[in-house]
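>>> Everything below, folded, please.
(2 chains)
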Amino acid sequence: DAGITQSPRHKVTETGTPVTLRCHQTENHRYMYWYRQDPGHGLRLIHYSYGVKDTDKGEVSDGYSVSRSKTEDFLLTLESATSSQTSVYFCAISESLNSYEQYFGPGTRLTVT
Amino acid sequence: SQQGEEDPQALSIQEGENATMNCSYKTSINNLQWYRQNSGRGLVHLILIRSNEREKHSGRLRVTLDTSKKSSSLLITASRAADTASYFCATVQGGSEKLVFGKGTKLTVNP
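Model (predicted):
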């Protein structure tokens, strides 16, 4: 988890409220990713970024938006949280898009009631 | 969509035994990676094997790749209780830009 922090680590919110999760890195890696992890599904990519202001969709992007205004920060926003977005969210970083390993943050457990 | 599928879903062994986990995938790949996840933690990269490699070692880990069968195996030798974790394979498909994870194998090593 060194070099990557996520905040908050735990959050409980109500259906319909906006939620923003933050990922912060100190490694100066170009690529950043948001995944969600659910039982029976493994990790699924939500969005990723390949540079400041450069982002693209992953496998399960509906209901999520992202922003990256600085190299070190990647924000994931749920505009109107739903119970199906209850999950553990992981941020990851990498030097290269697919040739090198990804380094993961400690995760954020989000519960939408 | 899931690219890699690990087998078995769960594995329980005694300390000192070897643990073997398998991963099958569907399309051509650039590389295949194995990750470990301890309970309540993020994933940790273990090893990467490229599509032109057949075997790779790292400490007590041995990974093989058979592109003709679209499968890989992870062998942990002389397992320890600290190896208890979930293990995931992840693949980068040819022509794709994304790493796709399998659902994982939950390994329990009993002391």
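
>>> Can you list the low-confidence ranges for the chain?
By default, I'm working from chain A. In the predicted model of chain A, residues A:1-2, A:97-99 satisfy pLDDT under 70.

>>> Can you look at chain B instead?
Counting by pLDDT under 70, chain B contains low-confidence ranges at B:1-3, B:93-97.

>>> where does it come near chain A, residue by residue?
When proximity is defined as CB under 8 Å from any CB of the partner chain, chain B approaches chain A at B:1-2, B:30-31, B:33, B:40-45, B:48, B:88, B:92, B:96-104. Bear in mind the C-beta positions are built from the backbone N, C-alpha and C, glycine included.

>>> Apply the buried test to those and list what passes.
Among these, those scoring as buried are B:30-31, B:33, B:41-43, B:45, B:48, B:88, B:92, B:96, B:98-104 (criterion: 16 or more other CB atoms under 10 Å in any protein chain shown).

>>> In helices, which of those residues appear?
Counting by DSSP state H, none of the members of these fall within helices.

>>> mind listing which of those residues are in strands?
Among those, the members falling in strands (DSSP state E) are B:30-31, B:33, B:43, B:45, B:48, B:88, B:92, B:99-101.

>>> Out of those, which comes closest to residue A:94?
Minimum distance to residue A:94 across these is 8.4 Å, recorded for residue B:99 (CB to CB).

>>> Just confirm the closest one contacts residue A:102, I think it does.
Yes. In this structure residue B:99 lies within contact range of residue A:102 using CB atoms under 8 Å: 6.4 Å.

>>> Cross-check the contact I'm expecting between residue A:46 and residue A:34.
Yes. Between residue A:46 and residue A:34 there is a contact at 4.4 Å, judged by CB under 8 Å.

>>> biggest strand in chain A, by residue count?
If you go by DSSP E, chain A has its longest strand at strand A:42-51.

>>> who touches the residue nearest the centre of chain A in this structure?
Central residue of chain A (CA atoms, centre = their mean): residue A:34, 2.8 Å from the mean position. Residues in contact with residue A:34 (CB atoms under 8 Å, 6 or more residues apart in numbering or on different chains) are A:21, A:23, A:45-48, A:58, A:64, A:66, A:74, A:76, A:89-91.

>>> Same question for residue B:38.
Neighbouring residues of residue B:38 by CB under 8 Å, 6+ apart: B:44, B:84-85.

>>> rerun that using 7 Å as the cut-off
Contacts for residue B:38 (CB atoms under 7 Å, 6 or more residues apart in numbering or on different chains) come out as residue B:85.

>>> likewise residue B:104?
Neighbouring residues of residue B:104 by CB under 7 Å, 6+ apart: A:42, B:6, B:86-88.

>>> Of those residues, which is the nearest to residue A:53?
Of all these, residue A:53 sits closest to residue A:42, with 29.5 Å by CB to CB.

>>> Any idea what that closest one is bridged to?
On the basis of DSSP bridges, residue A:42 is bridged to residue A:38.

>>> Equivalent analysis for residue A:51, please.
Beta bridges link residue A:51 to residue A:54 when assigned by DSSP bridges.

>>> Double-check it against residue A:29; I have them as touching.
No. Counting by CB atoms under 7 Å, residue A:51 stays clear of residue A:29, with 10.7 Å between them.

>>> Please name the bridge partners of residue B:105.
Bridge pairing for residue B:105 - DSSP bridges - gives residue B:87.
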